[in-house]
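In: Sequence first, then the predicted structure, then my questions.
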Amino acid sequence: MKTCLGSILTIISLLLNGCASYEVNYVPIVPIYAEPTRGSVTIDGSIEKAKSYLEQAKLPHNTIRQQFELVRKAGGDLLSQMGSKDYFLLGEVLGSGNAYSNLDILRAKLCETASIKGGDVVMIYSCGIQEQPYTYTSPGYATTNISGYAYSSGNYAWGNARGTTTYIPPRTYFGTHQYPYASGLVLRHVPGIEKRRDAIGALDDTKLSGLVTRTNALLTSGKASLEDYLRLIDDALSQ
């Protein structure tokens, strides 16, 4: 019976003090490889206005020039929150934790994933705690204690015994589990990249269209690195 009671207490303990676990996924926005960094940090930001510009850029009536300008506006809105526009957007990290996890630790784990993917900064645009109520009912159990005495003499034996049974009824526990979640953009600091964007914007329509075509071909190859991307831009701007 002690074993039964111990099992019940273990279950209750796990419910109240379980092991924390986290899940973090990385989704590339630009299919490009960047060298891992030593670590990344988080800042809080907003992406709503940038998303609006990017949705406009997808409209079929836009020319290459109009698409470029809308994407620049989107990037400008994001990067204005960074204090510098010398950043390159790599991807997105999405994370969640179980009922025993911690939002601060989850944010740190987003940074770990971001640094592996080459990011210096994670711009957290969504995070919080989702609450979910739970109910747990423990099973009832009974214990029986027997006491008595016995005597024997020769071929005779006699005695007396008495049993006492104690019944513990089921108990129901109520509470609320809290599940942290967080999402952020992964950015890499690239000194001088804003000057490159300005120079690209100064190209005539023909050169701009050619550069966009070559850039898309590089990125869709699945083998591009950040260095390859920058080299392609620098070569195009030097012509």
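Out: Arrived safely.
In: just the strands in this structure please.
Out: 22-28, 41-44, 87-97, 121-138, 141-153, 156-168, 171-189 (DSSP state E).
In: By mean pLDDT, which helix or strand of this structure comes out lowest?
Out: helix 2-16 (a mean of 44; mean pLDDT, DSSP states H and E).
In: Of the strands of the chain, which is nearest D228?
Out: D228 lies closest, by CB to CB, to one member of these: strand 87-97, at 12.9 Å. All C-beta atoms are positioned from the backbone trio N, CA, C, and that covers glycine.
In: Adjacent strands (with direction) for the closest one?
Out: Sheet pairing for strand 87-97, assigned by DSSP bridges, gives strand 22-28 (antiparallel), strand 171-189 (antiparallel).
In: can you list those strands in JSON lines and add mean pLDDT?
Out: Listed next are the strands paired with strand 87-97 as JSON lines, based on pLDDT from 0 to 100:
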{"stretch": "strand 22-28", "mean pLDDT": "96"}
{"stretch": "strand 171-189", "mean pLDDT": "88"}
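In: Out of the ones you listed, which is the most enclosed?
Out: strand 171-189 (a mean of 18; mean count of other CB atoms under 10 Å).
In: Low-confidence stretches in this protein?
Out: Counting by pLDDT under 70, the chain shows low-confidence ranges at 1-18, 134, 136, 140-141, 146-161, 163, 173.
In: quick one: the residue nearest the centre of the chain from S225, how far?
Out: Centroid-nearest residue in the chain: G95, 1.4 Å away (criterion: CA atoms, centre = their mean). Separation of G95 from S225 (CB to CB, to the nearest Å): 26 Å.
In: Distance check, Y125 against T113.
Out: Counting by CB to CB, the gap from Y125 to T113 is 16 Å.
In: scratch that, L106 is what I was asking about
Out: 11 Å.
In: cool, and S40?
Out: 9 Å.
In: ok, those two, which is more surrounded?
Out: S40 (26 against 20; other CB atoms under 10 Å).
In: which residues sit in contact with the residue nearest to D228 when sequence neighbours are not counted?
Out: In space, and not counting its chain neighbours, D228 is closest to L218: 6.3 Å by CB to CB, 6 or more residues apart in numbering. With contact taken as CB atoms under 8 Å, 6 or more residues apart in numbering, L218 is in contact with 224, 228-229, 232.
In: hang on, the earlier thing: tell me who's in contact with the residue nearest to the centre of the chain.
Out: Taking CB under 8 Å, 6+ apart, one finds 22-25, 106-107, 109-110, 113, 181-183 in contact with G95.
In: on that earlier part again, need the overlap of contacts for L106 and T113.
Out: 24, 95.
In: if we can go back for a sec, name the nearest residue to the residue nearest to the centre of the chain, ignoring sequence neighbours.
Out: V24 (4.2 Å).
In: pretty sure that neighbour is touching S115, no?
Out: No. Between V24 and S115 there is no contact, the gap being 11.9 Å when judged by CB atoms under 8 Å.
In: wait, doesn't P36 sit right on K117?
Out: Yes. The pair P36 / K117 is scored as a contact, 7.4 Å apart, by CB under 8 Å.
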